[in-house]
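Student: fold the following and give me the result.
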Amino acid sequence: MSTGDCSKLYPLKFTPIYMERVWGGTMMSEVLNRALPVSDAPIGESWELVDRDEVNSVVSEGEFSGRSLRELVAIFGSSLMGRKAGKRSTFPLMVKLIDAGERLSLQVHPDENACKLIGGGAEPKTEMWYVIAARSGAKIFAGLERKATRIQLMDLLDSPEVEQLMQTYTSQEGDAYYITSGTLHAIGAGNLILEIQQNSDTTYRVNDWGRLGSDGKPRTLHKVEGMKSINFVNRTSPRVPGAVGKCGFNRKFDIVKLCPFFQVSDLRLCDVWQDDTGSGETFHLLSAVKNRFKIGRDGRFAVISPGETVLVPACFGLYTITPLDEGEASVVKTTL
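Tutor: Here you go, the predicted structure:
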């Protein structure tokens, strides 16, 4: 794999790629003060970092402004992604903002075994949600309830009553959800979510709540593939409660630790935080949730506002995160 001159790399910001979604909302503009593009349909997602054939993130600042993430992976290889990424030719993760004006479909993502069974280019996907903001009464549906059976699910799959079989949570700012592949789930209306996921775009909708698409017709469902993908054994709670209270010192909380695809932590910072990419071990993704921060070293810095994500190259080494606003800064950190 190519390894370009690491001295040229710096903390990389990317231009958001906005996606129209029939269920899209207004919280990206209201909560994050995003200037969204004019659109006939609601904006439901912002792809903050993505490296796929059909869509690719573009650097927004610095020497590599205008270059795609795919180009940087080809030029810098393991210097950018780190030894843990192996010999990949694409970036292993995606970062999204999800703005749910309406409830998303009831859906599931396959694991590797289900992908082999289903075929057709299916890709496995495990993901993590972090609740940036939630309207009063917003819900999260994640995982089958402990006593729910396969027969019950099949009987109620076409009915709104299927939600009775789901583990249901009241959304709280700062809570996270670890959604392993095979977990049936739906994001409820009124949620603004930061999503970290494997680099996959495979989703099987099994119930769309009677909704019509932008063409006035029901959206396609994938019941056969979905039933093949659901893990009926796993009934653990995917919720990771958010940090409580505020302290006069920096704090770090693990969100996802024992996962083969990514590790995620929640940094609550009131002072300068020093970190290290481990001399090329893995890249760091830093997503601002609350308040701005400045990240970098030796004149190579970036300022990150709430909702934005910065990619710290694996070879970057030691760096600092400096909160810029009054009060505690919340930063979601993701590594391999």
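Student: any idea how many residues pack against the residue found closest to P37 once you drop the neighbours it is linked to in the chain?
Tutor: Counting by CB to CB, 6 or more residues apart in numbering, the nearest residue to P37 once its immediate chain neighbours are dropped is Y18, at 5.6 Å. The C-beta positions use only the backbone N, C-alpha and C, and glycine is treated the same way. Using other CB atoms under 10 Å, Y18 is surrounded by 19 other residues.
Student: tell me the phi and psi of Y18?
Tutor: Y18 has phi and psi values of phi -90, psi 140 when expressed as degrees, to the nearest 10.
Student: how about it, what does it touch?
Tutor: Contact analysis of Y18 by CB atoms under 8 Å, 6 or more residues apart in numbering lists L36, P37, S39, I43, E45, S46, W47.
Student: state the distance from the first one to V59.
Tutor: When you say that, I think you mean L36. Separation of L36 from V59 (CB to CB, to the nearest Å) stands at 21 Å.
Student: what do you get for the fifth one?
Tutor: With distances defined as CB to CB, the gap from E45 to V59 amounts to 20 Å.
Student: for V312, give the beta-bridge partners.
Tutor: Going by DSSP bridges, V312 is paired in beta bridges with H284.
Student: I figured it hits I295, correct?
Tutor: Yes - counting by CB atoms under 8 Å, V312 touches I295, with 7.0 Å between them.
Student: residue ranges with poor pLDDT in the stretch 1-150 of the chain?
Tutor: Counting by pLDDT under 70, the stretch 1-150 of the chain contains low-confidence ranges at 1-4.
Student: follow-up on the earlier one: which of the contacts of Y18 has the most neighbours?
Tutor: I43 (23 neighbours).
Student: in the sheet, who's paired with it?
Tutor: Counting by DSSP bridges, I43 is bridged to E20.
Student: now for F14, how many residues are close by?
Tutor: Using other CB under 10 Å, F14 has 22 neighbouring residues.
Student: show me what it is bridged to.
Tutor: Beta-bridge partners, per DSSP bridges, of F14: V59.
Student: could you check how far it is from V73?
Tutor: Separation of F14 from V73 (CB to CB): 13 Å.
Student: same check on V272?
Tutor: The gap separating V272 from V73 is 31 Å, by CB to CB.
Student: those two: which has the busier surroundings?
Tutor: Between V272 and V73, counting by other CB under 10 Å, V73 is the more crowded of the two (22 against 12).
Student: could you verify that Q164 is part of a helix?
Tutor: Yes - according to DSSP: H, G, I helix; E, B strand; the rest coil, Q164 belongs to a helix.
Student: contacting residues around it?
Tutor: By CB under 8 Å, 6+ apart, Q164 lies in contact with E145, L156.
Student: what's the pLDDT at it?
Tutor: At Q164, the predicted lDDT confidence score is 97.
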